[in-house]
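>>> no sequence for this one, just the structure:
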């Protein structure tokens, strides 16, 4: 009896095989991707301090950085991750398109990582684009993200998969009508 | 005079984990009881840009069960410093930690520590049970560990190399199995692990580890211990599939006697909103004449459970276990657990 | 003053006072107003110097004050902003909220930019080499501190608080101490500058005071001397006038007494019956007639002079031919000239244009000149009467000139500027007992000026004198109506 029940459960579990899950799976069911894609979108730019020698990152590298799997730049400087407040469209874009997680999953991931010692620092949370700019300007190892319209000359833009925000095929886009 | 910074400022961060269970089983002598699980204080401090301190201080109740030998009082609490590490992070390729930590055997031991809230199931698999809970592996080590990434492009190779005191090997064991202060012999335990996290498959990690130690039980020849472990896990936000297998080989010095203890588990779970049902099957087979942990024998069976995240910090789990035992009737067990973090 | 100096001063005084009197007498002729004007000019110049000095002192004081105030303000701001830079950095440690930390970092950077601007301003205003050197040192030390501050901020923001603390202790505090010492040095240099300015100000004030006292004393001295000079000049003028008037009275008295004595003697003779016969009576009658006419002419001359005293002119100008004037005056002076044994030579240019004159005025004028030529003609008894045209000296115009030339005693050059003064008679003519009222030339000058002309004189002692009457040429319609003057009724008194 018990074996039958176990077998049924295994089948049920296997039928729920992640056929719909790929890298960067969508977040909770409460979010409506179709609604987001329908609105006008502007590029979400990955930015670093001007002294950072990095000019280009692959999406996989970017994911590793934003999930805390990578802790240092090639020049030995520690990576400091800068994120916006939960709920901000820019943060949602990063969670969806780079991390492939929702807020709870990201939080659990960082708790787990800090707990195991794999992740050294939690991300810093800044409330405004100006705050993000100023933070990255002051911290040589910082990396964050901004809408293209929030950029200024104090920080440096990083290419993603050798694409600049204005290039065709640039993957990171955030709704231009922010739910801020 | 220029203003100076307050030296008394510290940046200790303490995160706590705990659980409370209601469990019952059909094993003779056991009762249905409420149990306080481990109260785990996870303490970290950023000592400097490169150095970090990490510790896990656990308050746990109940007697210790070490290789079948029970010690300590039932219902009383004791304190264990389960992890005590000073970490040095030079770059992604070289990190060093010294102190007491979890041995990098397999996946589960380094992915999950003393918090049940972080695990999907109510408890650890047999294979990775703690030494003082009847576990057969050297879960903890006291020594030095080097780890880091291996430049390998998209393959994402990593390494772990550690040397430590190993575990105490006296049997019957009446002392702490983890040799926190004094090694009972000059021989050290070595462990080498390599694992890959390929970028092409998100969430996949496969790895292999080899552990070597020399045990010196009382009145028996020394036993060389070799633990070979392999794992392949797929962890995604809504889905996980863990698979690990190991072979614990004990070779008695001066004889041709070799005792191989195989073990494996497989665990699968999927997230449905706040609910995560899971299924685990685990197996360990210790020979009856195994010189070190003969009390384990054959244990295998499924575990079926459901985890409900009542909030972002509290999880409720209901798990049913059936364990087959050698030459004994199987044991049914039901466990209701509240795990939380604070 | 010592006795010797007093003695020397007193010895010099007899020479000094007459010299001063001569000078003042000379000055008084040009009116005391001129002297007063000179004094006023002197006072004005002195006042201008004093005002300029006061202005300079005031400006120096203002400069010193504003320099001090500005300097203090600059130091205060620098000190405040350096402290603010550091304070904002330390505030970032008090919070773990990244947003607040970033705000504090921003405040620190804004404050450090203000410090950099302040240091640059101090450097640009540096006057001495040590100030420039200090500015460079301060900039260097500040940049060193900012290097540490940036690292501290980065550590704080990264969350490495202990790292930030140890960085600040090992590098930030010593660097900031150096900056603080540099600022103290700036303050010290400012203090030195202020002290120096104050000393300069005190010295300048002292100098101004002495200068003011000196100027004031000098002004008082000059004013006193000017007042004394003016008073003395007035006194001298009054004395001279009194003297002249006395001389005039004496002369007039003598002129009047002489004919009166003749008249009295003739009358006595007649009354005593001494004059018998028609011829004797006729002779005595002629004498009475002549003397009474002389007295009448003298009185007329005095009255005429008095009438011109107020400067108003009663002359009616009309165009007249020069030849007519000459003919008339020759006839008028015929008796005078012949009685004195003189000969009158005429040298009249032909085609002279008519002149604009008053008939009686021009006659009186020329009569006085010829009368003087006879009186002072000396032994050479020839008088020349010339008429000609010459440039008037005003633009391109001409005037007609009638010159009376004598070969008489001449006039000393030192007296020539006084001969037209009323009542003036040269001491030489008094010594030579040549009688007169001293009014003839003065009257002739006034008449000439009333007609729009003038009288000029050239004279040399013992050689003779030439008196020239300058007359306006009648223009246009006036020239066409020129006519001969009527014959003058009375002969002027000699």
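Looks like it arrived, so ask away. This one's a predicted model, so the numbers in the text were calculated from it and none came from an experiment.
>>> wait, does stretch A:120-134 contact chain B?
Yes: using C-beta under 8 Å from any C-beta of the partner chain, we find that stretch A:120-134 touches chain B at A:120-121. All C-beta spots, glycine's among them, are computed from the backbone N, C-alpha and C.
>>> contact partners of that stretch?
Contact partners of stretch A:120-134, identified using C-beta atoms under 8 Å, 6 or more residues apart in numbering or on different chains, comprise A:47, A:68, A:71, A:78, A:80-85, A:110, A:114, A:135, A:142, A:144-147, A:150, A:152, A:154-155, B:46, B:52, B:87, B:89, C:98-99, C:102-103, C:105-106, C:157-159.
>>> mind redoing it with 7 Å?
Residues from elsewhere that reach stretch A:120-134 (C-beta atoms under 7 Å, 6 or more residues apart in numbering or on different chains): A:71, A:80-85, A:110, A:114, A:135, A:144, A:146-147, A:150, A:152, A:154-155, B:52, B:89, C:98-99, C:102, C:105-106, C:159.
>>> in strands, which of these fall?
A:80-84, A:144, A:146-147, B:52, B:89 (DSSP state E).
>>> any chance of the residues you listed in JSON lines, plus pLDDT?
Output for the ones in strands among the contacts of stretch A:120-134, formatted as JSON lines (pLDDT from 0 to 100):
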{"residue": "A:80", "pLDDT": "93"}
{"residue": "A:81", "pLDDT": "95"}
{"residue": "A:82", "pLDDT": "95"}
{"residue": "A:83", "pLDDT": "94"}
{"residue": "A:84", "pLDDT": "94"}
{"residue": "A:144", "pLDDT": "96"}
{"residue": "A:146", "pLDDT": "95"}
{"residue": "A:147", "pLDDT": "94"}
{"residue": "B:52", "pLDDT": "86"}
{"residue": "B:89", "pLDDT": "89"}
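>>> once you drop chain neighbours, what's closest to residue B:297?
Distances taken as C-beta to C-beta, 6 or more residues apart in numbering or on different chains place residue B:326 nearest to residue B:297, at 4.5 Å, with adjacent residues excluded.
>>> top of the ones in strands among the contacts of stretch A:120-134 by neighbour count?
Highest neighbour count within these: residue A:144, with 28 neighbours (other C-beta atoms under 10 Å in any protein chain shown).
>>> show me the contacts for it.
By C-beta under 7 Å, 6+ apart, residue A:144 lies in contact with A:47, A:82, A:132, A:136.
>>> give me that answer again for 10 Å
By C-beta atoms under 10 Å, 6 or more residues apart in numbering or on different chains, the residues touching residue A:144 are A:45-49, A:66, A:80-84, A:90, A:94, A:123-124, A:126, A:129, A:131-133, A:135-136, A:155.
>>> please identify the buried residues of the longest strand along chain C?
Ranked by number of residues, the top strand in chain C under DSSP E is strand C:380-391. Under the neighbour-count criterion of 16 or more other C-beta atoms under 10 Å in any protein chain shown, strand C:380-391 has C:383-387, C:389 buried.
>>> residue nearest the centroid of chain A?
residue A:94 (3.2 Å; C-alpha atoms, centre = their mean).
>>> isn't there a strand covering that residue?
No: under DSSP: H, G, I helix; E, B strand; the rest coil, residue A:94 falls outside any strand and is assigned helix.
>>> wait, doesn't it sit right on residue A:173?
No: when contacts are counted by C-beta atoms under 10 Å, residue A:94 is not listed as touching residue A:173 (11.5 Å).
>>> so which residues of chain C form strands?
C:318-320, C:343-348, C:355-357, C:380-391, C:398-407, C:454-460, C:464-471.
>>> next, format those as CSV and append mean pLDDT.
CSV is the format used below for those (pLDDT from 0 to 100):
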stretch, mean pLDDT
strand C:318-320, 91
strand C:343-348, 93
strand C:355-357, 92
strand C:380-391, 91
strand C:398-407, 93
strand C:454-460, 93
strand C:464-471, 94
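>>> for residue B:82, find the nearest of those strands.
Nearest of the strands of chain C to residue B:82, taken as C-beta to C-beta: strand C:380-391 at 135.0 Å.
>>> and the closest one, what does it pack onto?
helix C:322-340, strand C:343-348, helix C:359-375, strand C:398-407, strand C:464-471 (3 or more C-beta pairs under 10 Å, 6 or more residues apart in numbering or on different chains; DSSP states H and E).
>>> could you give the angle of it to strand C:398-407?
Counting by axes from the mean of the first three to the mean of the last three C-alpha atoms, to 10 degrees, strand C:380-391 lies at 160 degrees to strand C:398-407.
>>> name every strand pairing with strand C:380-391 and say which way it goes.
Its sheet considered, strand C:380-391 pairs with strand C:343-348 (parallel), strand C:398-407 (antiparallel) by DSSP bridges.
>>> just name the most buried of the ones you listed.
strand C:398-407 (a mean of 21; mean count of other C-beta atoms under 10 Å in any protein chain shown).
>>> what are the ranges of the helices in chain C?
Under the criterion DSSP state H, chain C carries helices at the ranges C:3-29, C:32-91, C:98-124, C:129-158, C:161-167, C:173-271, C:278-308, C:322-340, C:359-375, C:427-431, C:440-450, C:476-480.
>>> chain A now?
Assigned by DSSP H, the helices in chain A fall at A:2-15, A:33-38, A:59-66, A:89-94, A:103-116, A:129-138.
>>> and those helices, which one averages the lowest pLDDT?
When the helices of chain A are compared by mean pLDDT, helix A:33-38 comes last with a mean of 43.
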